[in-house]
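Novice: sequence unknown, structure follows:
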């Protein structure tokens with residue numbers, strides 16, 4: 001019984017951290033979208049596409065795509081401010097193991 005209790009506590013702790021990470025991701029993505037639409041984030045259409053695809057890859061936990069699109073963004077003019085924060089979150093999501 002004690003082992004089950006410890007496992008439950010660890011799972012609850014991980015889920016709480018995951019929920020905070022999801023909330024932060026939503027906030028950052030909303031900020032990026034707002035900055036893009038108001039002209040504060042000036043990036044090429046290709047880089048905007050890369051940001052959108054990365055966001056989709058995160059929601060589907062497609063590690064290969066996360067790595068690929070993070071690299072594309074890191075080597076572009078888009079890699080500043082909130083987009084840099086998105087990459088930081090992406091690294092945390094990428095490293096989660098859902099298997």
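Specialist: Now that the structure is in, tell me what you want to look at. Since we're looking at a predicted model, the values are computed, not measured. Numbering: from 1, shown residues only.

Novice: ranges for the strands of this protein?
Specialist: Applying DSSP state E to the chain gives no strands.

Novice: wait, what's in contact with the residue nearest to the spatial centre of the chain?
Specialist: Centrality entry for the chain: nearest residue to the mean C-alpha point is residue 90, 3.4 Å, by Cα atoms, centre = their mean. Residue 90 makes contact with 54, 58, 66, 70, according to Cβ atoms under 8 Å, 6 or more residues apart in numbering. From N, CA and C alone the C-beta is placed, and that goes for glycine too.

Novice: name the helices or strands packed onto the longest helix seen in the chain?
Specialist: Longest helix in the chain, counting residues (DSSP state H): helix 2-38. Counting contacts by 3 or more Cβ pairs under 8 Å, 6 or more residues apart in numbering; DSSP states H and E, helix 2-38 packs against helix 45-60, helix 81-94.

Novice: For the helix or strand of the chain with the lowest mean pLDDT, list every residue counted as buried.
Specialist: Lowest on mean pLDDT, DSSP states H and E among the helices and strands of the chain sits helix 2-38, with a mean of 90. Within helix 2-38, the residues scored as buried using 16 or more other Cβ atoms under 10 Å are 25, 28, 29, 31, 32, 33, 35, 36.

Novice: Many thanks, have a good one.
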